[in-house]
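1. What follows is a protein structure lacking sequence information:
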């Protein structure tokens, strides 16, 4: 019976889809050695944690790594290619969840929720209420979206049509902009935006994208929201800017080191919201991602190619390992 290794527990609907198609096993731990050892006899691995390259060298039965979500930075693509392993993902299904998080974070920062809640609980009604005079509305502000894939487009739609924000964006393709969206260069976007949202994938091009120079271009009360990946931001530069009150605040859901150490400077700022990489996680999105990953797994186990195949150059090598049914 095929063996399906998942780094995490799947949504019950996804588990039900896989019942009977193979033995579904959840990894006992997420360190490199454990994942490498437990993947040795796997036919498919469902991925929600970074995979070590060595996993692909030792898993001789492995047909595919299916990402439970969209981002492929957790899968060492070169190692997968060398081993003749297919890589698939489930794009766009958590876009709404992430976009709603962006608006929640922007509102919480503008309404000074952290200090209001803290002072209301510790010092009483008036102490909490005093912060309201410094709060601000969303409407009329400019939100700048860096990366205009499914998540960036979902953010833009809610921002423009739900909150009356002016929306600008930057993207590699700079395709014709949708209605009510203006495309700008990244530096112009950083200079003009009141709220900057990072929605881009982590690549060598985007690593360190928000550096000292770009932070210096931001408005003094600008907000930075990162739902991309941690290394897109130069942490030292951002921490320095926060200490000097150079920007208005930040909401950070992703970090260069995860879990974020409990003594990290980000925890010390009243104008920083820190969340544990949860922007795309809701009951609904977990169902959609799980069902999508299970569907791709079932295709692979039926010796068919996944719908969202991300390394088509590997197919020839893969077919030498697992010939198509005749």
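-> Cool, got the structure. Computed from a predicted structure; not experimentally measured.
2. Residue 32 is in contact with residue 54, isn't it?
-> Yes. Between residue 32 and residue 54 there is a contact under CB atoms under 8 Å: 6.9 Å. From N, CA and C alone the C-beta is placed, and that goes for glycine too.
3. Tell me the first helix or strand C-terminal of the lowest-mean-pLDDT helix or strand in the chain.
-> In the chain, the helix or strand scored least confidently by mean pLDDT, DSSP states H and E is strand 181-183, which has a mean of 90. For strand 181-183, the following helix or strand on the C-terminal side (DSSP states H and E) is helix 186-192.
4. any idea where the helices of this structure begin and end?
-> In the chain, the helices defined using DSSP state H lie at 12-18, 32-38, 53-58, 77-83, 95-110, 113-123, 125-129, 150-162, 186-192, 212-217, 235-243, 283-301, 315-321.
5. Any idea which of the ones you listed gets closest to residue 46?
-> Shortest separation from residue 46 across the helices of the chain is recorded for helix 283-301, at 5.1 Å, computed as CB to CB.
6. by contact count, what packs against the closest one?
-> When contacts are defined as 3 or more CB pairs under 8 Å, 6 or more residues apart in numbering; DSSP states H and E, helix 283-301 packs onto helix 12-18, strand 44-47, strand 64-67, strand 86-88, helix 95-110.
7. Please produce JSON lines containing the ones you listed, extended by mean neighbour count, distance to residue 221 and mean pLDDT.
-> Output for the helices and strands packed on helix 283-301, formatted as JSON lines (neighbours: other CB atoms under 10 Å; distance: least, CB to CB, whole Å; pLDDT from 0 to 100):
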{"stretch": "helix 12-18", "mean neighbour count": "17", "distance to residue 221": "43", "mean pLDDT": "98"}
{"stretch": "strand 44-47", "mean neighbour count": "28", "distance to residue 221": "39", "mean pLDDT": "98"}
{"stretch": "strand 64-67", "mean neighbour count": "28", "distance to residue 221": "37", "mean pLDDT": "98"}
{"stretch": "strand 86-88", "mean neighbour count": "25", "distance to residue 221": "42", "mean pLDDT": "98"}
{"stretch": "helix 95-110", "mean neighbour count": "21", "distance to residue 221": "10", "mean pLDDT": "98"}
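8. Of these, give the one that comes closest to residue 181.
-> Nearest of the helices and strands packed on helix 283-301 (CB to CB): helix 95-110, 14.0 Å.
9. Run the chain-centre distance for that closest one.
-> Mean-position distance between helix 95-110 and its chain equals 13 Å (CA atoms, centre = their mean, to the nearest Å).
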